[in-house]
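# Here is my input, please return the structure:
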Amino acid sequence: MGKHRSEAPAVAAPAVTSINDVLEGHVALEVECVDRLYLNAYVPNLQVGGQVVRFFAGHRGDPIPSPALMERNGNRFRREVKEYAERHGIPILALNKPDRTRWDDRKLDHVRPYLEAAERAGRFGVVAIVSAQELQWVFSARDVATQPGAVCYAFDKSERRVGTYYFYVRDPEFGPGFIKICTYFPYPAKVWCNGHEWAKVQARKEGVEFGALANGFASCDDPERLQAICDRFGPADVQGFFDRWIERIPTPLTPADRAGGYWWELSMRQVEVSRTLVFDDPRRARRFFEALVADNVGIGRPEAVSVVFGRRVQANTPGIFRTRLFGRGTEVSMDFRYKHSRVKQYLKEGRALRIETVINKPSDIGVRARLEHLPELVGKARGVNRRLLMIERAGQGCAIGSALFERIHQPYVREGQRTGALRFGDQRAMALAGALCLMVHAVTGFTNASLRGLVAGLLGRDYGASQMTYDLRRLRLHGLIERIPHTKTYTLTPEGIRVAVFYTKLDRRLLHPLLAADRPPAPLDVRRALITLDRAVNDYVAAARMGSAAA
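Predicted coordinates for the structure are as follows:
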């Protein structure tokens, strides 16, 4: 018998992972929560030179305000820190500037063993003090006396490298955190804590069972209660953390200074607000995120940034408008910036999508910096996360039905008015779709002027205001856009979003590559397949006697 030649097993084509398929059926847990907070602590009435004079001469009763008084106060603070550490058996770690080429040289990395030891022992308190030299804005004195033998000092702020102390604590409400205090006048301070860690502590107290994710949640039997806990986090909790520890650790300001109105107040320096989506199958997460990255590498463009943040991007808006991909080992993250703030997306422990809006300056999104405005900032940052996901979902869920496709391909009568068709492939219609695709913002809207420049750029020729007016009219009558009442601003309808993205993606991502696929550098197997397809089509044409007439 001859050898039987078995056929090669059919290999199924890998399924294309769609963001909408995953988000609608494979998310086991979704949580929105404040993540890391980094706050300024400052003394409001010690910010200018005249207030320094008033503090020493008026409040403390020193006849001549001088740098010697500041030095004496700073030395007392340093001495009390050393005595406090010796009395409580707390190590003081003298650390240099972190080596950014190493992943494990942050201050927290050096302190982590002490935090873990305190956790194992069930002990709360200051676990370590880090002594470091850092740049800080502090007061310097200069003698401005005009007569020999007289002394008169003026005080000005300058940035200098000075001593600081980090008091790392394990807090009963927040877990790990720190308060950093500068040893030079006016003693600026910083506060660091974490909203996710606070929420974990509260969930344990209330008996809500959950599985922990590094700096987050991996699972929960009662997601609604967990989200309610996260929503409850606010300024009072952060202020409570600061008040608990500033009263226990040594400080350069005394109880008498506090009674006289000289004490720290908190303002927001950096706030991270996250949305975490945990997948039911970690194997799905990687393919999903790779598809997300490939489909949204342009999310950092100015027009997209303005959509996500709901803020206008102008010519003088600071920042580099592009999407950046970072890789650490096999992990990939994607981020883009707006002014001083940014949004980043990454896979958390290979099983959860984390969207994180990092506000480094609250005024970027129209919020004041005082701690009392934290709820407003969190609300706006959550809106940024929500709009980003909305745009990404629209980009992958843009298929339109045949009825809608046929309707916009025909002249249309609506409200007693007849309007022209928007045929796929027509150069002007495709330019309109491309411009609208860049302006997918039901948040900010667009006008005749703002859209006209984009259409002209895509057309590569002059495109006047009257042409834009006509096109806006046919878009409106087709139900793809609508005017905001009492304004000259338009927004896309849900159908308009789908049509704009569908036209643009079909043209740019399918037809253009396909039409160029019969020529190098397209892969050889693709070119051969297209030749076979072309031959089959020609055979059908010949069989139907529809070939070109003989010359």
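
# Which elements pack onto the strand or helix carrying Y346?
Under the criterion of DSSP states H and E, Y346 resides in strand 341-348. Strand 341-348 sits against helix 282-295, strand 331-338, strand 352-359, helix 374-396, with contacts defined as 3 or more C-beta pairs under 8 Å, 6 or more residues apart in numbering; DSSP states H and E. Any C-beta I mention is one placed from the backbone N, CA and C, and that applies to glycine too.

# Check which residues of that strand are buried.
S341, R342, V343, K344, Q345, Y346, L347, K348 (16 or more other C-beta atoms under 10 Å).

# in stretch 458-472, what's buried?
For stretch 458-472, burial by neighbour count (16+ other C-beta under 10 Å) applies to L458, L459, Y463, M468, D471, L472.

# Among those residues, which lie within strands?
The strands, defined by DSSP state E, take in nothing from those.

# Save those residues as JSON lines, and put in pLDDT and distance to V144 too.
Below are the buried residues of stretch 458-472 laid out as JSON lines (pLDDT from 0 to 100; distance: C-beta to C-beta, whole Å):
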{"residue": "L458", "pLDDT": "84", "distance to V144": "63"}
{"residue": "L459", "pLDDT": "88", "distance to V144": "66"}
{"residue": "Y463", "pLDDT": "91", "distance to V144": "64"}
{"residue": "M468", "pLDDT": "92", "distance to V144": "63"}
{"residue": "D471", "pLDDT": "89", "distance to V144": "68"}
{"residue": "L472", "pLDDT": "90", "distance to V144": "65"}
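
# before we move on, what SS does R418 have?
strand (DSSP: H, G, I helix; E, B strand; the rest coil).

# What is the neighbour count of the nearest residue to it once chain neighbours are set aside?
Among residues not flanking R418 along the chain, P411 sits closest, at 6.1 Å (C-beta to C-beta, 6 or more residues apart in numbering). Counted with other C-beta atoms under 10 Å, the neighbours of P411 add up to 10.

# Can you give the strand pairings for the strand holding Y346, parallel or anti for each?
strand 331-338 (antiparallel), strand 352-359 (antiparallel) (DSSP bridges).

# Now that we have the ones you listed, can you turn them into JSON lines and tack on distance to A121?
As requested, the strands paired with strand 341-348 are exported to JSON lines (distance: least, C-beta to C-beta, whole Å):
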{"stretch": "strand 331-338", "distance to A121": "33"}
{"stretch": "strand 352-359", "distance to A121": "31"}
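
# need those strands in JSON lines with mean neighbour count, mean pLDDT and distance to F217, can you?
Below are these laid out as JSON lines (neighbours: other C-beta atoms under 10 Å; pLDDT from 0 to 100; distance: least, C-beta to C-beta, whole Å):
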{"stretch": "strand 331-338", "mean neighbour count": "19", "mean pLDDT": "67", "distance to F217": "19"}
{"stretch": "strand 352-359", "mean neighbour count": "23", "mean pLDDT": "90", "distance to F217": "9"}
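
# closest one to S158 among those strands?
strand 352-359 (27.7 Å; C-beta to C-beta).

# hmm, who's touching that closest one?
35, 213, 216, 218, 268, 270-279, 285, 288-289, 292, 341-348, 365, 367, 377, 381-382, 384-385, 388-389 (C-beta atoms under 8 Å, 6 or more residues apart in numbering).

# Please apply the same query to stretch 42-54.
55, 65, 139, 154-156, 185-189, 253, 261-265, 267.

# And these, which of them are buried?
Among the contacts of stretch 42-54, those scoring as buried are 55, 65, 139, 155, 185-189, 253, 262-265, 267 (criterion: 16+ other C-beta under 10 Å).

# Now for those residues: which two are most distant?
The span of those, defined through C-beta to C-beta, is set by P65 and S267 at 26.5 Å.

# Flag the shaky bits of the stretch 151-300 of the chain, pLDDT-wise.
For the stretch 151-300 of the chain, applying pLDDT under 70 flags the ranges 283-300.

# redo that, cut-off 50
298-300 (pLDDT under 50).

# show me where it has strands.
Assignment of strands within the stretch 151-300 of the chain using DSSP state E, counting those that start in this stretch yields the ranges 153-171, 175-182, 189-194, 210-213, 216-220, 265-279.

# Output those strands in CSV, with distance to A449 appended to each entry.
Below are the strands of the stretch 151-300 of the chain laid out as CSV (distance: least, C-beta to C-beta, whole Å):
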stretch, distance to A449
strand 153-171, 44
strand 175-182, 49
strand 189-194, 45
strand 210-213, 47
strand 216-220, 44
strand 265-279, 34
